[in-house]
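Student: model this:
(2 chains)
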Amino acid sequence: MAQGHPIDRTVSLMQDRLNLNALTQKVVAANLANINTPRYVAKRLSFEDMLKESLEENALSLVKTSAGHRDPTSVEEIMREPEMVEVGPVDLDAEMVLLAHNSVEYQFILTMLNKKFSLLRTAIEGGR
Amino acid sequence: MDFETAMRISASGLRAHRAWINTLSANLANINTTRTPEGTPYLRRTLIFESVPSDESFEAALREAVEGELDRVEVSAVVPDGRDFNLVYDPNHPDADADGMVRLPNINPVEEMANMLNAARSYEANLAALNTAKTLALRALELGR
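Tutor: Predicted coordinates:
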């Protein structure tokens, strides 16, 4: 949880992202397993677009000028509740690209998480 | 969130496509078979793939709804397809009828080979997904080292 996290929200954000990558791996596995199943419809997680939107909104830091304005959806919220969408017949190339992309992303975030931990360790040891 | 489900789903794909390759091999092997226990020439077999929920256990139902939508694949049946036999004139054949016609299985080797390629590629795709899941799971173990 980001709120009340003893260290900061980077770690929990990365943790959520890793969970999403693991879920994407399952979605791709299911699509590939059913590549020859008649009438099977390929699935995707639809959070990416929402996430981009939310990040853009946050970057531009929208100001609520009226009480009627809706709150921009928080990044955490989007990452915790991914939606599944159906995208038509299974496309082998698209699935393989997503598989590779997802794998690289997962390992990238693991690396960043390791860096974060080593920074924290440095801080705990007082730079000794 | 685990990689075990991903691996199980990929394994179901591997199993199904291996079964398909076995069936295609059987079709090719029996391309000239005129006798079977059923008394007819060999009937070309075809597989029926069916997607089934990846995890029907109670704990899966407790988990979030998105994951419940993921399907693994299963071979629900191996059935003979309803094609007519090929009739070939060969009066000396022991299984020829009164007119000298022999009934042979209606199997097109080109069709079987094309299916075989499709099955092999699909198998490889599932294998790639399985290997990726394995690599990621192993990398996650190195966290904090």
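Student: where does the prediction get shaky in the chain?
Tutor: Let's take chain A. A:1-7, A:48-65, A:68-76, A:78 (pLDDT under 70).
Student: you answered for a different chain; I wanted chain B.
Tutor: Applying pLDDT under 70 to chain B flags residues B:1, B:56-68.
Student: secondary structure element holding whichever residue of it sits closest to chain A?
Tutor: Closest to chain A within chain B is residue B:13: 3.1 Å, counting by Cβ to the nearest Cβ. To be clear about C-beta, it is placed using only N, CA and C from the backbone, and glycine gets the same treatment. Take DSSP states H and E as the rule and residue B:13 turns out to sit in helix B:4-29.
Student: again, but for residue B:39
Tutor: Going by DSSP H and E, residue B:39 is not in any helix or strand.
Student: helix or strand for the most centrally placed residue in chain A, which one?
Tutor: Using Cα atoms, centre = their mean, the residue of chain A that lies closest to the mean C-alpha position is residue A:17, 3.8 Å off. Assigned by DSSP H and E, residue A:17 falls within helix A:9-33.
Student: next SSE downstream of that helix?
Tutor: strand A:43-45.
Student: circling back: and the residue nearest to the centre of chain A, what is it in contact with?
Tutor: Going by Cβ atoms under 8 Å, 6 or more residues apart in numbering or on different chains, residue A:17 touches A:79, A:109.
Student: for chain B, see how far away it is.
Tutor: Per Cβ to the nearest Cβ, to the nearest Å, residue A:17 is found 11 Å from chain B.
Student: hmm, stretch B:94-113 touching chain A?
Tutor: No - in terms of Cβ under 8 Å from any Cβ of the partner chain, no part of stretch B:94-113 sits within range of chain A; the closest distance is 15.0 Å.
Student: how far off centre is that stretch?
Tutor: The chain centre lies 24 Å from the centre of stretch B:94-113; the measure is Cα atoms, centre = their mean, to the nearest Å.
Student: buried sites along that stretch?
Tutor: For stretch B:94-113, burial by neighbour count (16 or more other Cβ atoms under 10 Å in any protein chain shown) applies to B:96, B:101, B:102, B:103, B:104, B:105, B:106, B:107, B:112.
Student: for stretch A:79-99, same thing?
Tutor: Buried-residue list, stretch A:79-99, by 16+ other Cβ under 10 Å: A:79, A:82, A:84, A:90, A:95, A:96, A:98, A:99.
Student: same question, stretch B:26-44
Tutor: B:27, B:30, B:34, B:41, B:42, B:43, B:44.
Student: also within reach of chain A: list those from the residues you listed.
Tutor: Of the buried residues of stretch B:26-44, not one also sits near chain A (Cβ under 8 Å from any Cβ).
Student: which of those residues fall in strands?
Tutor: Under the assignment DSSP state E, these contribute nothing to strands.
Student: just flag the most distant two among the residues you listed.
Tutor: The distance between the two most remote of the buried residues of stretch B:26-44 (Cβ to Cβ) is 15.0 Å, for B:27 and B:34.
Student: so can I have CSV of the buried residues of stretch A:79-99 showing distance to residue A:111?
Tutor: Shown next, in CSV, are the buried residues of stretch A:79-99 (distance: Cβ to Cβ, whole Å):
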residue, distance to residue A:111
A:79, 19
A:82, 23
A:84, 28
A:90, 31
A:95, 25
A:96, 23
A:98, 20
A:99, 19
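Student: and those, which two are furthest apart?
Tutor: Maximum pairwise distance among these (Cβ to Cβ): 25.6 Å, between A:79 and A:90.
Student: so which helix or strand takes in the residue nearest to residue A:21 when sequence neighbours are not counted?
Tutor: Excluding its sequence neighbours, the residue lying closest to residue A:21 (Cβ to Cβ, 6 or more residues apart in numbering or on different chains) is residue A:106, at 4.2 Å. Using DSSP H and E, the element containing residue A:106 is helix A:92-124.
Student: before we move on, back to that, residues near the residue nearest to residue A:21, how many?
Tutor: Neighbourhood size, residue A:106 [other Cβ atoms under 10 Å in any protein chain shown]: 23.
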